[in-house]
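Novice: My questions are about this predicted structure, shown below with the sequence.
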Amino acid sequence: MRTARRPRPRRPGPRPRRPLAPAAVLLAAALLAGCSGGDGGGAQGEPELGPVAVSPATASIALPMDAYTDTEAESARMGRVQEGLVARCMARYGFTYEGVSTAAPTGGGAPEDRHRYLFGLADPEYAAAHGYDKTAGAGRPAKPAPPQLSDSAYTVLHGEVPGGGQGAKAPDAKSEEEAAGVDSGIEVGGMKVPAGGCGREGYRKLYAPTKDSVDLLFAFGLASEAHERAKGDSRVVEVLAKWSACMGSSGYGGIPTPYELVGKLGLDGDLAGPKAVAAAKADVACKREVNLVGIWAAVEKAYQDRLVEQHAETLALYQRQREARFKLAARLG
């Protein structure tokens with residue numbers, strides 16, 4: 001089964017044709033490239049661990065980077081605010097834009113389980129009832145289709161002429177501050193289209209208003225780095241070996257990590273069938289037998305603590321900007 005971190009911070013709203021933030025991609029690549037070796041601790045060695053819980057429920061796990069990561073409800077709210085900013089931009093050109101609605105999560109009031117699949121499936125009751133089907137009981141509506149746009153509206157939204165080929169896309173800008181000095185070279189109704197179109201303008205106003213705006217995916221990148229380093233830590237390597245041996249004793253040999261289980265057993269086509277449920281029950285039982293979740297969570301926390309200390313200044317700026325976004329969202333309603 002593939003690694004599943006907390007919900008990945010996304011750039012909500014209309015999706016331009018090219019990546020919204022190449023810097024974020026380069027950041028993530030650099031972070032992961034720097035931690036791909038077998039030495040999980042890197043040059044500093046492996047960090048000391050704090051308390052190690054015994055088979056904790058994933059909902060009870062608190063990691064340092066949680067403080068810099070939006071909850072599902074916050075992400076949904078910011079998505080709606082961004083769509084509102086895009087709609088205001090489109091209205092300047094005479095277009096009514098409703099956007100793609102971002103539904104609030106339907107958790108029935110239960111606390112969000114941010115790390116539900118961070119170490120693979122870990123809930124014995126869910127495993128017995130649903131196997132590896134992550135969609136069971138999600139209660140989320142199907143994603144609506146994007147709005148139909150005229151050619152002119154499309155140009156304003158995306159900053160490009162439909163079917164215009166190379167050179168038809170307006171120049172972009174990393175921040176709204178920089179966008180003020182960028183000439184898109186595209187006009188609609190006698191007005192210049194903003195750099196990157198209204199989709200990018202809505203994103204920049206919310207997430208990158210000034211040149212010193214920290215990339216939206218910065219905190220996610222640090223959490224990903226901590227996770228990769230933890231996977232190479234000797235204590236995680238040891239507990240994974242124990243889990244794998246336990247799975248072998250249960251009839252599921254040759255599976256080195258929980259993330260590979262679904263693929264190696266060929267369960268992708270029927271994640272909730274009898275075969276998947278049987279494997280999921282054995283998987284979770286073995287995790288509990290060797291305390292995989294407790295040990296790995298403690299190791300993950302130790303690496304996140306280290307990165308928070310190393311990047312304290314940038315994270316402080318990131319948090320101030322995040323709070324400013326929330327205040328802007330409150331003003332915009």
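Specialist: That came in fine, so what should we check first?

Novice: can you give me the strands for the stretch 151-300 of the chain?
Specialist: Using DSSP state E, counting those that start in this stretch, the strands of the stretch 151-300 of the chain run over 187-188, 191-192.

Novice: out of those, which comes closest to Ala179?
Specialist: strand 191-192 (11.1 Å; CB to CB). In this view, the C-beta of every residue, glycine as well, is placed from N, C-alpha and C.

Novice: and the closest one, what does it pack onto?
Specialist: In terms of contacts (3 or more CB pairs under 8 Å, 6 or more residues apart in numbering; DSSP states H and E), strand 191-192 is packed against no helix or strand at all.

Novice: That one pairs with which strands, parallel or anti?
Specialist: strand 187-188 (antiparallel) (DSSP bridges).

Novice: what sits against Ala241?
Specialist: If a contact means CB atoms under 8 Å, 6 or more residues apart in numbering, then Ala241 has no contacts.

Novice: switch to 10 Å and redo it
Specialist: Pro256, Val290 (CB atoms under 10 Å, 6 or more residues apart in numbering).

Novice: And Ala324, by the same measure?
Specialist: Taking CB under 10 Å, 6+ apart as the test, what Ala324 contacts is Leu206, Pro209, Thr210, Ser213.

Novice: What does the pLDDT read for the last one?
Specialist: Going back to what we said before, that points to Ser213. Note on Ser213: pLDDT of 97.

Novice: For the stretch 151-300 of the chain, give me the ranges with low pLDDT.
Specialist: For the stretch 151-300 of the chain, the stretches with pLDDT under 70 are 164-168.

Novice: quick one: the helices in it?
Specialist: Here the stretch 151-300 of the chain has its helices, by DSSP state H, counting those that start in this stretch, at 151-158, 176-179, 197-207, 218-232, 234-249, 261-264, 274-290, 292-310.

Novice: Which one, of these, ends up nearest to Ala170?
Specialist: Per CB to CB, nearest to Ala170 of the helices of the stretch 151-300 of the chain: helix 197-207, 6.4 Å.

Novice: Only the C-alpha atoms, please, for the closest one, written as PDB.
Specialist: The C-alpha trace of helix 197-207 is given here as PDB (Å, rounded to 0.1, in the frame of the first residue of the first chain):
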ATOM      1  CA  GLY A 197      -5.200  34.500 -15.400                       C
ATOM      2  CA  CYS A 198      -7.800  34.900 -12.600                       C
ATOM      3  CA  GLY A 199      -7.100  31.400 -11.400                       C
ATOM      4  CA  ARG A 200      -3.500  32.400 -10.500                       C
ATOM      5  CA  GLU A 201      -4.600  35.800  -9.200                       C
ATOM      6  CA  GLY A 202      -6.900  34.100  -6.800                       C
ATOM      7  CA  TYR A 203      -4.200  31.800  -5.600                       C
ATOM      8  CA  ARG A 204      -1.600  34.600  -5.200                       C
ATOM      9  CA  LYS A 205      -3.900  36.900  -3.300                       C
ATOM     10  CA  LEU A 206      -4.500  34.200  -0.700                       C
ATOM     11  CA  TYR A 207      -1.300  32.300  -0.600                       C
END
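
Novice: so what's Ala329 closest to, chain neighbours aside?
Specialist: Val81 (4.4 Å; CB to CB, 6 or more residues apart in numbering).

Novice: Measure how the helix or strand where the one you found lies sits relative to helix 151-158, angle-wise.
Specialist: If you go by DSSP states H and E, Val81 is part of helix 72-92. Angle of helix 72-92 versus helix 151-158, following axes from the mean of the first three to the mean of the last three CA atoms, to 10 degrees, is 130 degrees.
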